[in-house]
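Undergrad: Could you look at this predicted model? Sequence included:
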Amino acid sequence: MRLLHIGDVVGTPGRKIIVKAVKALKAHYGLTAVCANAENAAAGSGLTPKIYEELISAGVDCITMGDHVFRRKEIIPVLERESRIVRPANYPPESPGRGHVLLTLTHGARCAIINLLGRVFMQPVDCPFHAVDKILRTLPADIKIIFVDFHAEATSDMQAMGRYLDGRVTAVLGTHTHVATADEQIFPGGTAFQCDVGMTGPMDSIIGRKIDRVLETMTTARPTIYDVAENDIRLHGTIVDFEYTTGKATAIQRLTLNMEEAEKLAASVPS
């Protein structure tokens, strides 16, 4: 079995390549499921109900979030109602939504998707280690396939979580920094790991925002609006192969796709 986790979807450009590529990627790579971090999908910050439906219709099976999960208040009913979107589990229990969801895959196997926030250089939140332990204790015994989206800033935070969960989950895949890391690996206990799977959106940018706007603020201290950039759209993600009876990862590979490649792939795969 194979799962693709797509890194932070940024604004309209990120959504465009998702719509173009996901169904074709499923067919081309034989993907069992696709997850995507969409906390930046609405103009670079937050998510709306309409965009949620757009991503699901494009073939995304589960949407993970992060520290911008509540930036758009209109997403709250979706978080409370839908079973294919997950917010950080180490937010207070009173927060809208759920910290993990269950997906049914082929062969009838069930998969848990868990979302966590890091704490180093991030806003104060509850302990992610305690939060994930609580979820793992309550999962049904038949669930062996467990994917964790760890939305964190520091590589030390990400590596600590990966090592902490080695042998207990299928994969720990980082998001948030918008920069793909070259450290994909499988730990001794069978857990696939990567510090950050990267960004899906405009690469001619500063982590998805227009270069001139960011530089103006950084060099003059004058506030500007960090509009989403538009050019050199690419999809970044990571594919994890795993054994469905044990949940152990067997392979991990980075995926990068530009818009031209996405269009060619979509044209080559029967609709």
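TA: The structure has been received and is ready for your questions. Numbers count the residues shown, from 1 in each chain.
Undergrad: Now do the end-to-end distance for stretch 53-62.
TA: For stretch 53-62, the first and last residues are 11 Å from each other (C-alpha to C-alpha, to the nearest Å).
Undergrad: Report the separation between the residue nearest to the spatial centre of the chain and H130.
TA: Of all residues in the chain, the one closest to the mean position by C-alpha atoms, centre = their mean is N37, 3.0 Å from it. Plainly put, N37 is 22 Å away from H130 if you go by C-beta to C-beta, to the nearest Å. Quick note: C-beta positions are derived from backbone N, CA and C, even for glycine.
Undergrad: before we move on, what about L105?
TA: 28 Å.
Undergrad: Those two: which has the busier surroundings?
TA: Counted by other C-beta atoms under 10 Å, L105 and H130 do not tie: L105 has more neighbours, with 15 against 10.
Undergrad: residues contacting that one?
TA: 1, 32-33, 111, 145, 244 (C-beta atoms under 8 Å, 6 or more residues apart in numbering).
Undergrad: Just the ones of those in strands?
TA: Among the contacts of L105, the members found in strands (DSSP state E) are 33, 111, 145.
Undergrad: Kindly indicate the member of those residues with the most neighbours.
TA: That'd be I145 among the ones in strands among the contacts of L105, by other C-beta under 10 Å, with 29 neighbours.
Undergrad: That one pairs with what?
TA: Counting by DSSP bridges, I145 is bridged to C111.
Undergrad: close enough to count as contact, it and T170?
TA: Yes: using C-beta atoms under 8 Å, I145 makes contact with T170 at a distance of 5.2 Å.
Undergrad: Tell me the residues that contact both of these two, please.
TA: Joint contacts of I145 and T170 (C-beta under 8 Å, 6+ apart) are 242, 247.
Undergrad: I'd like to know how far S95 sits from K134.
TA: Separation of S95 from K134 (C-beta to C-beta) stands at 15 Å.
Undergrad: roughly how far apart are the residue nearest to the centre of the chain and D212?
TA: Counting by C-beta to C-beta - N37 and D212 are separated by 26 Å.
Undergrad: S83 too?
TA: 42 Å.
Undergrad: need the contact list for the closest residue in space to Q185 that isn't next to it in sequence.
TA: The shortest distance from Q185 to any non-neighbouring residue, by C-beta to C-beta, 6 or more residues apart in numbering, is to F193 (5.7 Å). Listed by C-beta under 8 Å, 6+ apart, the contact set of F193 reads 159, 162, 166, 171-173, 183-187, 252.
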